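**Student:** can you look at this prediction? I've put the sequence above it.
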Protein chains: 2
Amino acid sequence: MGCLRWGAVTIDHDAGEPVWQQMVRVIRDMITSGEVPKGKLLPSVRTLAQRYEVSDGTVKHALAELRQEGLVETVNGRGVYVR
Amino acid sequence: MGCLRWGAVTIDHDAGEPVWQQMVRVIRDMITSGEVPKGKLLPSVRTLAQRYEVSDGTVKHALAELRQEGLVETVNGRGVYVR
DNA sequence: ATTGATTTGTTCGTATGTATT
DNA sequence: TAATACATACGAACAAATCAA
């Protein structure tokens, strides 16, 4: 499994699919591709938002979804870890 | 004045009266019944929306009405206070 | 012990698009 | 046409936790 470079995936605001769902897939791909190994921190919400040109809240929405699925885990003041 | 339990009032989506107006009455009752005293925070928009099974925007619509009437006051990032 | 920077979660106001009535 | 209702999306603000200087 290769390594997904930043910007390899982009967000389409005009796609029928909601942006937050696209972000779920983007982050999931970061994990499954091995770009962010188990136990490691994801980029910060702010970083992801800037990188993919979406809002703060949209990234948080996506992360909340992945957290509920048990794919990531949050530590307040630290960041979001891959489980 | 008694205490209104959660769910004591329900929203009827099939009533002729708009849902947002029903929500105005629900929130007003929370205040006049003393469930939420002066100076205290109302439940969050999200909480109210889930509790009464209406959309986010509908709760906000109702709150905008009550705000204009001077019954509640908003502090961004905190919540909606009873005046 | 304090301060400042970073991070997440939560909060609300506003705006847009779609569907329904 | 207009009002209603929902889902989505953005922007901004606040509190609390963490960490480093």
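**Tutor:** It's in.

**Student:** which residue is nearest the middle of chain A?
**Tutor:** Closest to where the C-alpha atoms of chain A average out (CA atoms, centre = their mean) is A:Ile27, at 2.9 Å.

**Student:** enumerate the residues of chain A near DNA strand D.
**Tutor:** By CB under 7 Å from any atom of the strand, the residues of chain A that approach DNA strand D are A:13, A:18-21, A:53-58, A:61, A:75-78. C-beta coordinates here come from the backbone N, C-alpha and C atoms, glycine included.

**Student:** list the contacts of the residue nearest to the centre of chain A.
**Tutor:** A:Ile27 is in contact with A:42, A:48, A:62-63, A:66, A:72, counting by CB atoms under 8 Å, 6 or more residues apart in numbering or on different chains.

**Student:** give me the pLDDT for it.
**Tutor:** We note a pLDDT of 96 for A:Ile27 in this prediction.

**Student:** on the three-state scheme, the closest residue to A:Glu65 other than its chain neighbours is what?
**Tutor:** In space, and not counting its chain neighbours, A:Glu65 is closest to A:Val24: 5.3 Å by CB to CB, 6 or more residues apart in numbering or on different chains. The three-state label for A:Val24, taken from DSSP: H, G, I helix; E, B strand; the rest coil, comes out as helix.

**Student:** number of residues surrounding A:Val24?
**Tutor:** 19 (other CB atoms under 10 Å in any protein chain shown).

**Student:** can you pull out the helices in chain A?
**Tutor:** Secondary structure of chain A by DSSP state H: the helices cover A:19-32, A:45-52, A:56-68.

**Student:** what is the mean pLDDT for the second one?
**Tutor:** Meaning helix A:45-52. Per-residue pLDDT values across helix A:45-52 average out to 95.

**Student:** now do it: which elements does it pack against?
**Tutor:** With contacts taken as 3 or more CB pairs under 8 Å, 6 or more residues apart in numbering or on different chains; DSSP states H and E, helix A:45-52 sits against helix A:19-32, helix A:56-68.

**Student:** try the last one
**Tutor:** Contact partners of helix A:56-68 among helices and strands, from 3+ CB pairs under 8 Å, 6+ apart: helix A:19-32, helix A:45-52, strand A:72-75.
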